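S.K.: only the shape, not the letters, is given here:
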């Protein structure tokens, strides 16, 4: 056999014996492709995100307002919240004053208030009010777009009602009704149809705005054109609940996401260095001194926290220089979150080292899990873009809660009390993972 | 009855790894100031015994005391009494020689001027003072071995465990290590030295335990051990077609074995050497083919196990 073929065969033989390489070559990219496919609904005709919590407070008694609420409920992008849960069995309709505290608690990040004066009498147009916590710019642009589409696609008669209302205010009810009757009669005479039905539609403001954007065949909808026209006559008051003075919310997420991902790589590498110390016989020497296994593990844990704290704070400071993220004003709380995030990441690294039989398998496993956690935990793109079951899974990842902590501090300017639930979750995660790791280390063979 | 002064006392020590019994009822006492050799082939149980003495692993049966303390309980006093020189270069290769010694000294509670003095003194002793700031990974194998030894001596242990400390070392560094260990032993340090090199055990140790398959087969001074052999001389000659007939004839007067192209004749006690040379003359073989020497521990091991030490 030609030497090239012999050497080629040798490389394949080695590859087949190296499970880690096989995993990194095939399994990791496959899992990522599958995950991204789920996130972007590749196999679904109904693409796009779903289940974004969206609160609606309907203060209007206009039937069209309720139709708007129903249309929003039918929109799969949103999970519409209209009730305030007092306890397990008691709830009441959501009120406007509930919105701010619930949004600060991140129960939802977008809300629509349909006010009593939805149909304006002082001018032509509609009046709506939105509340937003746009900590993710992509998400908030998408939500606004879908809200406009829903509004103009489903309840265009609201605009007609507005015109009718304005006419009544200007020329009086009697003259307005006579005008409508004359129009209905003329339309029926010239174009056919039942005059009564046409009159009823005109009275309801149903002027057929929804058909303005239809193409010649009448089958393809083009709502953007009509949106452009109508958006100028719909007055939407927006109240930004958090992050008004944050210059670059995208940068906050960008830095936080990548920092936490690479911290995971760094602390996992540090923990897997335990294998090297074992191979070099260093544990043998150290444990023959008045040193316990716990001393070794806790020193690694503390090292990971220190490394994580330094790395995260350094990267956020770099973010301040590059993207004007306001780190300096929130440094104490940010450092606190960094400590808890670093502890959670370190415990993860320790777990990888504790459950892996070899350093190679630890590297393969950590690469896979870190990329997976980063993807579904929101380090790469908003969690709300993912299918709902992945959104539920993402809450089990320490990446999600670390990013949540960073956002709370840098975006929402949360207080220590507001941070406690997030810190509590990170602490619980750390304790749980460290418990399993220490148990595995003591059961395993890394120290003997 | 164990001597009350034994610094290491093992009685019926058993250690198992699953189905494998690595140590099977090991009993021995090592007195303070001894240079005790643990001689056996690879896999005999030497390193396992060392790891038990240093408290790295628990024993499964028997008793094992170091400096009067049971090591199974992880006694701090027992740990402070001993220094371990592992088989591997157990050093942080990315750090300097001095940094390594400082770390291991601090683990034993040394600090300040005392630590500084011990580090300097040991670097001097192992002839690495001028390389104290160099990274360990830049050292030769011999230099790393010397530093590996120094790291075990920082806290001035009463007992030094050397687990094959000269593996892969050049002859010059090996001699330096041997000389230093001898000097330490003369200063009162008890040394337990495990090796599969008979020459090292013979050269260094005042008393030797021969271990195989987890059992101590024999222990004592070299003279005591060799006196167990049923012959006093070993005559070697090349194994070749010319000497085949002689080998056959000699088998009536003692033991004959061939290894690596060399025949070894161990005559039974009382067999006169004059008869041997008469026999060789009779086969027309010149005297220059034959060398006579005192039997070695290798011969004893062969006698005890039927195998050579290196097998």
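M.R.: Everything's here; your move. Keep in mind that what you see is a predicted model, and the values were worked out from it rather than measured.
S.K.: ok, now how distant is the nearest residue to residue B:293 once chain neighbours are set aside from residue B:199?
M.R.: In space, and not counting its chain neighbours, residue B:293 is closest to residue B:234: 5.7 Å by Cβ to Cβ, 6 or more residues apart in numbering or on different chains. All C-beta atoms are positioned from the backbone trio N, CA, C, and that covers glycine. Between residue B:234 and residue B:199 the distance is 15 Å, computed by Cβ to Cβ, to the nearest Å.
S.K.: next one: residue B:190
M.R.: 22 Å.
S.K.: which one of these two has more residues nearby?
M.R.: Between residue B:190 and residue B:199, residue B:190 has the larger neighbour count (other Cβ atoms under 10 Å in any protein chain shown), namely 24 against 11.
S.K.: make sure residue A:235 is indeed in a strand.
M.R.: Yes - counting by DSSP: H, G, I helix; E, B strand; the rest coil, one finds residue A:235 located in a strand.
S.K.: hey, what's it bridged with?
M.R.: residue A:127 (DSSP bridges).
S.K.: what's the answer for the one 5 residues further on, then?
M.R.: On the basis of DSSP bridges, residue A:240 takes part in beta bridges with residue A:132.
S.K.: now it: how far from residue A:131?
M.R.: For residue A:240 relative to residue A:131 (Cβ to Cβ), the value is 8 Å.
S.K.: now swap in residue A:247 and tell me
M.R.: Distance, residue A:247 to residue A:131, using Cβ to Cβ: 21 Å.
S.K.: who has more neighbours out of residue A:240 and residue A:131?
M.R.: Taking other Cβ under 10 Å, residue A:240 and residue A:131 do not tie; residue A:131 has more neighbours (22 against 15).
S.K.: who touches that one in this structure?
M.R.: Applying Cβ atoms under 8 Å, 6 or more residues apart in numbering or on different chains, we find residue A:131 in contact with A:55, A:99-100, A:103, A:110-113, A:238-241.
S.K.: check residue A:9 too.
M.R.: Residue A:9 neighbours (Cβ under 8 Å, 6+ apart): residue A:1.
S.K.: same check, this time on residue A:309
M.R.: Going by Cβ under 8 Å, 6+ apart, residue A:309 touches A:335, A:338-339, A:342.
S.K.: now, those residues that are in helices?
M.R.: A:335, A:338-339, A:342 (DSSP state H).
S.K.: give me the below-cutoff pLDDT ranges for the chain.
M.R.: In the absence of a named chain, chain A is used. A:39-41, A:43-48, A:120-125, A:154-159, A:162, A:166, A:205-234 (pLDDT under 70).
S.K.: nope, chain B
M.R.: Looking at chain B by pLDDT under 70, you get B:1-4, B:71-75, B:309-311.
S.K.: if we go to 50?
M.R.: Within chain B, the segments meeting pLDDT under 50 span B:1-4.
S.K.: which parts of it sit against chain A?
M.R.: B:51, B:54-57, B:74, B:76, B:79-80, B:82-84, B:86-93, B:104, B:107-109, B:151-152, B:155, B:161 (Cβ under 8 Å from any Cβ of the partner chain).
S.K.: buried ones from these, can you make that a PyMOL selection?
M.R.: Here is the PyMOL command that selects the buried residues among the residues of chain B next to chain A (16 or more other Cβ atoms under 10 Å in any protein chain shown):
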select buried, chain B and resi 51+54+55+56+57+74+79+80+82+83+84+86+87+88+89+90+91+92+104+107+108+151+152+155+161
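S.K.: show me where the stretch 101-250 of chain B has its strands.
M.R.: Under the criterion DSSP state E, counting those that start in this stretch, the stretch 101-250 of chain B contains strands at B:159-163, B:190-195, B:207-212, B:215-220, B:234-238.
S.K.: swap that for chain A, sorry
M.R.: A:52-58, A:78-81, A:83-85, A:91-93, A:110-114, A:126-132, A:234-240 (DSSP state E).
S.K.: contacts for the first one?
M.R.: Here strand A:52-58 makes contact (Cβ under 8 Å, 6+ apart) with A:65-66, A:69, A:72, A:77-82, A:93-96, A:98-99, A:102-103, A:107-114, A:131, A:139, A:143, A:384.
S.K.: just to revisit the earlier point, now a ChimeraX select for only the buried ones of the contacts of residue A:131.
M.R.: In ChimeraX syntax, the buried subset of the contacts of residue A:131 is picked out as below (16+ other Cβ under 10 Å):
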select /A:55,99,103,110,111,112,113,241
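S.K.: quick check, nearest of the contacts of residue A:131 to residue B:216?
M.R.: residue A:103 (76.7 Å; Cβ to Cβ).
S.K.: list the contacts for the closest one?
M.R.: For residue A:103, the contact set (Cβ under 8 Å, 6+ apart) comprises A:55, A:109, A:111, A:131, A:133, A:241-242.
S.K.: next, format those as TSV and append distance to residue B:238.
M.R.: Below are these laid out as TSV (distance: Cβ to Cβ, whole Å):
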residue	distance to residue B:238
A:55	99
A:109	92
A:111	100
A:131	101
A:133	93
A:241	97
A:242	94
